[in-house]
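Chemist: structure of the sequence below:
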Amino acid sequence: MEQNKTILLVDDDRDYVNSVRELLTSVGYKVLVAHNGKEALVEAEHSLPDALILDVMMETDTEGFEISRIISKTDSLKHLPVIIVTGISREMKLPFKFEPHDNYLPVKAVIEKPVDPPELLDKLEELWSKTTQKQTTI
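Modeler: Purely as a prediction, here's the structure:
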């Protein structure tokens, strides 16, 4: 893992936030926290993190989806890689799972809750390796 990466963790479940923050800091990430979409946008603009881990169901059932679209259209944030972590498919009993999509869901990955810690760490590592590959080909 690359050291000194900052992750903005956005979720309204404070117990979940505490456990994921502990996981991420234990492997060297700096973790910032927001508990809703509005806080997330303010914190992202202020701190310009290296990645964002975003829940979907917060103040509204689709808040995370809406925030991911706002981020993708905001000049200062559109480079920010977003990973959606959600239990919406299970919670709403949807017969499908969500996948990244350039227009509807402009994120790098979607992970279903409950999150497998190695899967989350692997997704973050993938983000860094893709960023490094892009920088070396430019």
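Chemist: what's the helix or strand where L41 lies packed up against?
Modeler: Taking DSSP states H and E as the criterion, the element that holds L41 is helix 37-47. Contacting helix 37-47 under the criterion 3 or more C-beta pairs under 8 Å, 6 or more residues apart in numbering; DSSP states H and E are the following elements: strand 6-10, strand 30-34, strand 51-54, helix 63-73. Just so you know, the C-beta spots here come from the backbone N, C-alpha and C atoms, and that holds for glycine as well.
Chemist: ok, 7 Å please
Modeler: strand 6-10, strand 30-34, helix 63-73 (3 or more C-beta pairs under 7 Å, 6 or more residues apart in numbering; DSSP states H and E).
Chemist: figure out which of those is closest to V56.
Modeler: Shortest separation from V56 across those is recorded for helix 63-73, at 3.5 Å, computed as C-beta to C-beta.
Chemist: now the element after that closest one, going C-ward?
Modeler: Of the helices and strands lying after helix 63-73 in sequence (DSSP H and E), the nearest is strand 82-86.
Chemist: mean confidence for that following strand?
Modeler: Per-residue pLDDT over strand 82-86 has a mean of 91.
Chemist: residues in contact with it?
Modeler: For strand 82-86, the external contacting residues (C-beta atoms under 7 Å, 6 or more residues apart in numbering) are 51-57, 64, 68, 71, 98, 107-113, 115, 123.
Chemist: which strands border that strand, and is each parallel or antiparallel?
Modeler: Within its sheet, strand 82-86 is paired with strand 51-54 (parallel), strand 109-112 (parallel), according to DSSP bridges.
Chemist: mind listing what the nearest residue to E63 once chain neighbours are set aside touches?
Modeler: Excluding the flanking residues, the one nearest E63 by C-beta to C-beta, 6 or more residues apart in numbering is G37, at 4.7 Å. Listed by C-beta under 7 Å, 6+ apart, the contact partners of G37 are 58-59, 63, 66-67.
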